[in-house]
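S.K.: Test case, fold it:
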Amino acid sequence: MKLKATKGDDVQEGKKFDLQEFMNTLNTLDPQNIGSWPLAAKVMVYVIVFIVVLVLGYVLDLSAMRDTYASGEQAQETLLEEFEQKVFKANNLDVYKKQLADMEESFGSLLKQLPKETEVPELLEDVTHTGLGSGLEFDGITLGAELKKEFYVEQPISVKVQGDYHAFGAFVSGISALPRIVTLHDFTIAPLANKFADSGAPVLTMEIQAKTYRYKELSEEDATSKKTGGAK
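M.R.: Sure, this is the predicted structure:
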């Protein structure tokens, strides 16, 4: 027994989407007369245009906005950290002021511990004894001109000695152990021709500049100049 196809089956078969027919239809479309296109073609074009607009909008606008938003967040974090640091400093301002006052007082005390006079004769004697005790021979000690700084006076002393490396090392160690503040600068070492120590080591010559310091007091000349300047 054959079954007759119903009317509904005919309708469903007619509604099936034929891709080949749709592609043929697209090939016959006239781009100059969009109004004559079938509804399905128009809908498809509208969907494609909508998707393209969304993609371009994201790429050209939303991505830039996201970058701006990310940089804004980073700037906000930086400003927040700076604000927290400033708040912390403001809350501890009195502590910082006290620390600064203590540092100024301590610095002033250290400056006052420096001798008020250079005491060059005693210092030269200490340097000479240190050098001789280290096994060095002195070629000369020359005093330079004092250099006045803001809080202290610097006295340079040029020293020229002969000896070997071990004697030089003992001399430098002895100078650093002196009770007076003495610093060593700008040394040059050169060998002496055909001269050897008792140990067989070559004898060298060394030129070095020592510096000592003293506390700078307000001299009568400075006080007079300040009074004169204040009276103008």
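S.K.: Following element in sequence after the longest helix anywhere in the chain, please.
M.R.: For the chain, the helix with the greatest residue count under DSSP state H is helix 63-91. Sequence order places helix 93-113 as the next helix or strand after helix 63-91, per DSSP states H and E.
S.K.: what angle sits between that following helix and helix 63-91?
M.R.: Helix 93-113 runs at 60 degrees relative to helix 63-91, counting by axes from the mean of the first three to the mean of the last three C-alpha atoms, to 10 degrees.
S.K.: The chain should start at 59 in everything you say after this.
M.R.: Let's use 59 as the start, then, which means that last one is helix 151-171.
S.K.: picking that back up, now for the longest helix of the chain, which elements pack on it?
M.R.: Taking 3 or more C-beta pairs under 8 Å, 6 or more residues apart in numbering; DSSP states H and E as contact, there are no helices or strands that helix 121-149 lies on. Every residue, glycine included, has its C-beta placed from N, CA and C.
S.K.: Could you give the average pLDDT over it?
M.R.: For helix 121-149, mean pLDDT is 84.
S.K.: List the buried residues of it.
M.R.: Residues of helix 121-149 classed as buried: none (neighbour count, 16 or more other C-beta atoms under 10 Å).
S.K.: ranges for the helices of the protein?
M.R.: 65-72, 77-85, 97-115, 121-149, 151-171, 178-191, 223-234, 278-289.
S.K.: For residue 197, which of those helices is the nearest?
M.R.: Nearest to residue 197, of all those, is helix 178-191, at 10.6 Å by C-beta to C-beta.
S.K.: quick check: domain ranges of the protein?
M.R.: 77-84+92-149, 178-273 (automatic domain parsing).
S.K.: any chance of the ones you listed in CSV, plus distance to residue 161?
M.R.: Shown next, in CSV, are these (distance: least, C-beta to C-beta, whole Å):
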stretch, distance to residue 161
domain 77-84+92-149, 17
domain 178-273, 14
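S.K.: mean pLDDT lowest for which of the ones you listed?
M.R.: domain 77-84+92-149 (a mean of 77).
S.K.: Identify the residue nearest residue 264 in space, chain neighbours excluded?
M.R.: Closest residue in space to residue 264, ignoring its immediate chain neighbours: residue 247 at 4.9 Å, by C-beta to C-beta, 6 or more residues apart in numbering.
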